[in-house]
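> sequence and predicted model, in that order:
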Amino acid sequence: MIAVLALAGLSLVLGALLGFAAIRFRVESNPVADKIDQILPQTQCGQCGFAGCRPYAEAIAVDEADINRCPPGGAAGVAALAELLGREAKPLDPENGTERPPSYAVIDEPACIGCTKCIQACPVDAIVGAAKQVHTVLVDECTGCDLCRPPCPVDCIDLVPIAVTVQTWKWPRPEPAWAPLERSA
Amino acid sequence: MKRRLWKFPGGIRLPGFKAMSLSLPLAHAELPPRLVLPLRQHIGAPAEPVVEVGQTVRKGELIAQAREYISAPVHASSSGRVVGIGDYAVPHPSGLTAPCIEIETDGEDRWTDGADTARDPDALSVDELRSRIRAAGIVGLGGAVFPSAVKLTPVPERPIDTLVLNGVECEPYITCDDVLMRTRAADVVRGARVLQRLVGAGRCVVGIEANKPEAAAALRQAVTDAKSDAVEVAVVPTVFPAGGEKQLIRVVTGREVPRHGLPAQVGVVCLNVATAVAVLDAVVHNRPLIERIVTVTGPGVRCPRNLIAPIGTPVAALIAQAGGYAVETPRLIMGGPMMGIELAGDGLPVTKASNCVLVEAAPVQAPRPALPCIRCGSCAAACPVRLLPQQLYWYAQSAQFDKAQDYAVFDCIECGCCAHVCPSNIPLVSYFRFAKTELAAAERDRHKAERSRQRHEERQQRLEREQAARAQRRKRPARTAAPAGES
């Protein structure tokens, strides 16, 4: 009898403690979604079907979206997500688009009529300008999401691949040291 | 008195091949018809052009200025006319182009006004000295090309007690510093005194490799002549890479520069002997850095020699003055055989970093193919930074770059000792460079993603605020209208 009471009392006290801790130290956002968001390229292009990288990350975290819907992240991004979530990597879903080299938007300034439609579309505020003034793209801030192109009424925006410079050039992988011997049987 | 020397771990002994470029005396290179001056010949931000196409410039005139703190200006190496500002091929392993200024020389080599006004460096204040060094565009001439004015601005919390001048020149074939120390020993000592004053170092040690007895003797004589007991000459053993900054500091002072740290943390500033002379020219004669000694050598050139070349001179012009090619299919390396970069063509310009143009015969047969790593550990024994090259190789070739970073791939100085001793002939340094640039690119991407995330979140918040404000505006007229209707 004493044993039962003691255990019941203990579970009550510990339960209360756990309940208090759950409220007091509540984590606001989903930590898995945070980690997924860290991997996503933050292009904010919406090609995944969500309104930006964060909503997509949250959808993956609750298993409502697959991990192969981010073309800017590419195969490497899918592999990183697969590694994080302990799943199999898979090819990109062609419905969401194909992998492209990193690009940035360029406005053909003489053709720009200053309608501000691209400014409203830009998810990272990388286009500056005002009504009836020429707009221009802040190249360093542009994510190459391609959201500014469709709204442009005079079709004066182009996506240009980011050129490799001496500073951003990468050494190629050396030729593989050796290949295992191919044996017929 | 024999001074005490210390040792650094690893290192290898290499044949010198130094005598071949020392038989002919040092001479001025002929002025080429065109000079191409890259805007970024240093570590840091590129210089920005201050001239226009068509403008005439005089020798020593500023043509591109440094706007950032870590940057260096560029000056016209001769008089003439600016004929182009744009992208030109530069000596870089990528073979890519970079922004440059092209000058068509007029052959008169006329100095700009204000040059060559001799000043006594002792009469100038430390700040004046520094601003002259900065304005002269002086960068480390040993190859790292770090802006010298930055290095020579010590911070009070890290007092400097020793200035180390690097005259080691440990790579085979190269003799430009050797020749400089032989011909301008007195100026090296005078430059050392100026540098000592700038950093507040009580003593100065000039490190010279044991295979350069003439240079050491010339410097000892210069020290005696200058009656200066603050400058010492230290003859260090011929072990590659004794000329690495951290390695030399270890050898002559016994102090170890911490990883990711600077020599200033152990009370040392280290500069190349050629930088010391360039500093002297800048503060005494107000002469910017517009020329440097280049060793043109190797089995592929007829008369190997050292030439004082204006910055921007095409490599081909120097090879022509060294007797031309001696082989049918030459292979060009800028720098030494261990750490130099292969050049795609001989039209590339000499920059502030170019200490040597090595001409070799292209290999007749394909190089011995790389074999599997047998984990012999020779590379670890040869590594002067105490890394584990075989482990780094494993992670780099399997693209596990974060592991490579854990094994300190960024501490690799790319000296090439590991690849040189590897019995399986694995291009280890190429793998480490590959891993380093992949890691750096990933870091850039992360940084950019972080910025984009922030900007996107801020935009979302702004849109919400605006929407809330609109909703308020819509509500308010309704509320104010209602009481008006009642009254």
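Alright, I've got the coordinates.

> rest of the way, CA atoms for contacts and neighbours
Will do.

> for the helix or strand of chain B with the lowest mean pLDDT, packing partners?
Within chain B, no helix or strand scores below helix B:428-486, which has a mean of 86 by mean pLDDT, DSSP states H and E. Identification of packing neighbours for helix B:428-486 by 3 or more CA pairs under 8 Å, 6 or more residues apart in numbering or on different chains; DSSP states H and E yields helix B:389-397, helix B:401-406, helix B:417-421.

> so chain A: which segments form each domain?
Following automatic domain parsing, one gets these domains for chain A: A:31-96, A:103-161.

> just chain B next, same as before
According to automatic domain parsing, the ranges for chain B are B:19-32+B:126-292, B:371-472.

> just the ones you listed: most buried one?
Among those, domain B:19-32+B:126-292 has the highest mean neighbour count (mean count of other CA atoms under 10 Å in any protein chain shown), at a mean of 21.

> any bit of it sitting next to chain A?
No - shown here: domain B:19-32+B:126-292 not in contact with chain A (CA under 8 Å from any CA of the partner chain), separated by at least 15.0 Å.

> what's the mean pLDDT across that domain?
What domain B:19-32+B:126-292 shows for mean pLDDT is 93.

> closest one to residue A:100 among the domains of chain B?
Among the domains of chain B, the nearest to residue A:100 by CA to CA is domain B:371-472 (15.2 Å).

> which residues sit in contact with the residue nearest the centre of chain A?
Centroid-nearest residue in chain A, with CA atoms, centre = their mean: residue A:40, separated by 2.6 Å. Contact analysis of residue A:40 by CA atoms under 8 Å, 6 or more residues apart in numbering or on different chains lists A:53, A:57, A:70, A:73, A:77.

> just to revisit the earlier point, so how far is the least confident helix or strand of chain B from its chain's centroid?
40 Å (CA atoms, centre = their mean, to the nearest Å).

> just want the angle from that helix to helix B:389-397.
50 degrees (axes from the mean of the first three to the mean of the last three CA atoms, to 10 degrees).

> for the closest residue to chain A within the stretch 51-200 of chain B, the count of nearby residues, please.
In the stretch 51-200 of chain B, the residue found nearest to chain A is residue B:96; the distance is 6.3 Å by CA to the nearest CA. When neighbours are defined as other CA atoms under 10 Å in any protein chain shown, residue B:96 has 15 of them.

> coming back round to it: among the domains of chain B, which is nearest residue A:9?
Closest among the domains of chain B, using CA to CA: domain B:371-472, at 47.7 Å.

> what about that closest one, distance to the chain center?
Remark: domain B:371-472 is offset 22 Å from the chain centroid, using CA atoms, centre = their mean.

> next one: stretch B:172-187
18 Å.

> quote the end-to-end distance of that stretch.
Using CA to CA, to the nearest Å, the end-to-end distance of stretch B:172-187 comes out at 25 Å.

> can you check stretch B:33-42 too?
Stretch B:33-42 end-to-end distance (CA to CA) = 25 Å.

> identify all contacting residues around that stretch.
B:46-49, B:64, B:71-72, B:74, B:76-77, B:88, B:90, B:98-107, B:139, B:144-147, B:311-314, B:349, B:351-353.

> also stretch B:353-362?
So stretch B:353-362 is in contact with B:41-42, B:140-145, B:173-174, B:176, B:292-301, B:315, B:325, B:327-337, going by CA under 8 Å, 6+ apart.

> identify the residues contacting the residue lying closest to residue B:395 once chain neighbours are set aside.
With CA to CA, 6 or more residues apart in numbering or on different chains as the criterion, residue B:395 has its nearest non-adjacent residue at 5.5 Å, and that residue is residue B:404. Contact analysis of residue B:404 by CA under 8 Å, 6+ apart lists B:391-392, B:395-396, B:435.

> rerun at 7 Å
B:392, B:395-396 (CA atoms under 7 Å, 6 or more residues apart in numbering or on different chains).

> ok, those residues vs chain A, which is closest?
residue B:396 (8.8 Å).

> look up how far residue B:418 lies from the closest residue to that closest one other than its chain neighbours.
Excluding its sequence neighbours, the residue lying closest to residue B:396 (CA to CA, 6+ apart) is residue B:435, at 5.6 Å. Noted for residue B:435: a distance of 16 Å to residue B:418, by CA to CA.

> do the same with residue A:31
Per CA to CA, residue A:31 is found 43 Å from residue B:418.

> for residue A:126, grab the count of nearby residues.
20.

> got phi/psi on it?
Dihedral angles of residue A:126 (phi, psi; degrees, to the nearest 10) stand at phi -100, psi 10.

> show me the contacts for it.
So residue A:126 contacts A:137-138, A:141-142 (CA under 7 Å, 6+ apart).
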